[in-house]
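Whatever this is, show me its structure:
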Amino acid sequence: DSQFAQPRQLVEEFMSITDGQVMVDSFSPERGWSISVKDSVSRIGSPGAAGPLKSLDMLQLRLDVMQADDMAAYGHAGDEKSKMGRRSAAIRGLLRQTPGDAAPLSAQTAAGLPQRGGDEDDAAAMVAAAVARAGRDMPEVMQELDQNPSKPLSDAVAAKLRELFA
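This next block holds a predicted model:
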């Protein structure tokens, strides 16, 4: 219990960054960090992911971004290419972190639910509004998510969070 001891979650974040496994696509003081979903790799892989995020199949997001980027580079113009590009931009928007405002697990979980099209800024704004609404309208659900990071997301909690995007 040293005065210099830091919470494990903070230490893990710093270890990921210093290990070079969290890669940044870009940074803007107004828009925040844009994490490279394709290039960032977890030391511990999906077994170490928080229960609610595993329940949402967050690994599918990375695959979707990689497929969309491949389609942008090698695909032919058309509806499918446009659809995948919008999905990739939306995923990048919901993963964006505002400087000085680390998202708690509850916010990350709520952000992972919509997985819709739109551009990066639209997705980030939609997620921010939904997370604020969840904090106001269902604080007990958000608190439960933050206090039980290893517990899988229940169907009832997922249904409540999906209502934010209806």
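
Can you show me the strands along the protein?
24-28, 32-35 (DSSP state E).

can you give me the mean pLDDT across the longest one?
Per-residue pLDDT values over strand 24-28 give a mean of 77.

That one packs against which elements?
In terms of contacts (3 or more Cβ pairs under 8 Å, 6 or more residues apart in numbering; DSSP states H and E), strand 24-28 is packed against strand 32-35. Where C-beta positions appear, they are placed from N, C-alpha and C, glycine not excepted.

what does the average pLDDT come to for the strand it packs on?
Across strand 32-35, the average pLDDT comes to 73.

Without its sequence neighbours, what residue ends up closest to the residue nearest the centre of the chain?
For the chain, the residue nearest the mean C-alpha position is Leu95 (3.9 Å; Cα atoms, centre = their mean). Leaving aside its sequence neighbours, Leu95 sits nearest to Ile35 (Cβ to Cβ, 6 or more residues apart in numbering; 5.5 Å).

Equivalent analysis for Ala50, please.
Pro149 (4.5 Å).

Same check on Glu144?
Going by Cβ to Cβ, 6+ apart, Glu144 has Val157 as its nearest residue, at 7.2 Å.

Test my guess that that neighbour contacts Leu145.
Yes. Val157 is within contact range of Leu145, at 7.3 Å (criterion: Cβ atoms under 8 Å).

shared neighbours, the two?
Shared contacts of Val157 and Leu145, defined by Cβ atoms under 8 Å, 6 or more residues apart in numbering, comprise Pro52.

More neighbours: the two, which one.
Leu145 (25 against 20; other Cβ atoms under 10 Å).

Could you report the separation of Leu105 from Met138?
To Met138, Leu105 is 15 Å away according to Cβ to Cβ, to the nearest Å.

Tell me who's in contact with the residue nearest to the centre of the chain.
Contacts of Leu95 (Cβ under 8 Å, 6+ apart): Ser34, Ile35, Val37, Leu61, Ala111.

Do you know the pLDDT at it?
Looking at Leu95, the pLDDT reads 70.

Now do it against Pro29, distance only.
Distance of Leu95 to Pro29, given as Cβ to Cβ: 18 Å.

those helices in this structure, which residues are they?
8-18, 51-55, 59-74, 79-95, 105-112, 120-137, 139-147, 155-162 (DSSP state H).

what's the most buried one of the ones you listed?
helix 105-112 (a mean of 24; mean count of other Cβ atoms under 10 Å).
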